[in-house]
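Student: need a structure here:
(one chain, ligands or ions: 1)
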Amino acid sequence: MKHVSVLLDESIFAISPKENGIYVDFTLGAGGHARMLLEKSAPEGIVIAFDRDKSAIEYAQNTIKREFQDRLILVNDNFSNALAVVKSLGFNAVDGVMMDLGVSLDQLTSKDRGFSFAEDAALDMRMDKTKPLTAAKIVNEWSEKDIENILRVYSEERFAGRIARNIVKARPIMSTKQLAEIVEMCVPRNLYKRIHPATRTFQALRIVVNDELESLKKGLDAAVALLKPSGVVCVISFHSLEDRIVKNAFRDYKQKGVIRLINKKPIIPTKGEIAKNRRARSAKMRCVVKNKTEDAK
Ligand SMILES: C[S@@+](CC[C@H](N)C(=O)[O-])C[C@H]1O[C@@H](n2cnc3c(N)ncnc32)[C@H](O)[C@@H]1O
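Tutor: Next comes the predicted model:
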């Protein structure tokens, strides 16, 4: 696995695992955060780790699961179902929840997943391959208006209309490279110096294919509901739409007296971390503690 964990020390410091604590990693990926939670909660801590991508679970089964055995419970499911799943495993409340959103570097660079225009692949983008909606379905079957709409809403793309029109004209679009070239032709080069012109279009498609923002809202509710008093949730997000949802959800829970914020402003990676891992540059982490007065159900 190539994925390098983002804000690893900062998130584990905020969660401060105890030796017999129960932790849930909502986003297992390559297992960096889960491993650290297991190491820091040794010898008796338990980590329940979710990933909707079967390949992340299979990788963990052959690696960290062998090392940590019964202390690690792997769940191949959407974290939006975490409340029911964790309770069904016999845990009523937990000491900490880790959420490191988005896709892993392994998913991004995997030749057959279609998440990135850096690799020419079929337009898939599903984290969970059992789901029917793919990026190819959207670009080849949805109406111009609907495509324009998702580009506006999920990537705040200024050239959404022009891109949608050219996508519909160029059908059928079968590969990531083909889509990236179409988008490139629609946007003025000088406006996209820091990111590739297709970055926003790919982000919007990925969010829709995986219903990412709805999952996030449900996941945040599940995380807060699962926490014991004094338990901590840490969420790392990678773009403004995600961060806004996290910020607003925590603000609402704070107003209801359920949680308090550990940090008023989001924690961001150091220059040193960004120099080592470029993917970290857009990361923002928000952490909250459950109030003692709010009884964990
Ligand atoms: C950024 S990676 C996590 C990396 C991990 N923290 C590490 O250190 O290796 C995000 C992972 O979360 C998974 N994921 C994203 N949204 C999910 C959801 N709603 N439910 C379950 N897993 C999800 C993705 O499949 C991906 O493997």
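Student: which bits of the stretch 101-250 of the chain sit near the ligand?
Tutor: 102, 103, 104, 127, 215 (CB under 6 Å from any ligand atom). Glycine gets a C-beta too; all of them are placed from N, C-alpha and C.
Student: what's near enough to touch the third one?
Tutor: Contacts here follow CB atoms under 8 Å, 6 or more residues apart in numbering; on that basis residue 104 touches 1, 3, 29, 30, 56.
Student: which of those residues are buried? Put it as a ChimeraX command.
Tutor: Of the contacts of residue 104, the buried ones go into a single ChimeraX selection, burial set by 16 or more other CB atoms under 10 Å:
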select :3,29,30,56
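Student: nearest to residue 244, of the contacts of residue 104?
Tutor: residue 29 (22.7 Å; CB to CB).
Student: look at that closest one and give its secondary structure.
Tutor: coil (DSSP: H, G, I helix; E, B strand; the rest coil).
Student: quick one on the thing from earlier: of the contacts of residue 104, closest to the ligand?
Tutor: residue 29 (2.5 Å; CB to the nearest ligand atom).
Student: how about the closest one: what's its closest non-neighbour residue?
Tutor: residue 104 (4.0 Å; CB to CB, 6 or more residues apart in numbering).
Student: tell me how far that neighbour lies from residue 56.
Tutor: Applying CB to CB, to the nearest Å, the value for residue 104 to residue 56 is 7 Å.
Student: which residues are in contact with each of the two?
Tutor: Joint contacts of residue 104 and residue 56 (CB under 8 Å, 6+ apart) are 29, 30.
Student: strands of the stretch 151-297 of the chain, residue ranges please.
Tutor: Secondary structure of the stretch 151-297 of the chain (DSSP state E, counting those that start in this stretch): strands at 227-237, 259-261, 284-290.
Student: repeat that for the stretch 1-150 of the chain.
Tutor: Applying DSSP E, counting those that start in this stretch to the stretch 1-150 of the chain gives strands spanning 22-25, 46-50, 72-75, 94-100.
Student: check which helices and strands the second one is in contact with.
Tutor: Which is strand 46-50. With contacts taken as 3 or more CB pairs under 8 Å, 6 or more residues apart in numbering; DSSP states H and E, strand 46-50 sits against strand 22-25, helix 32-40, strand 72-75, helix 82-88.
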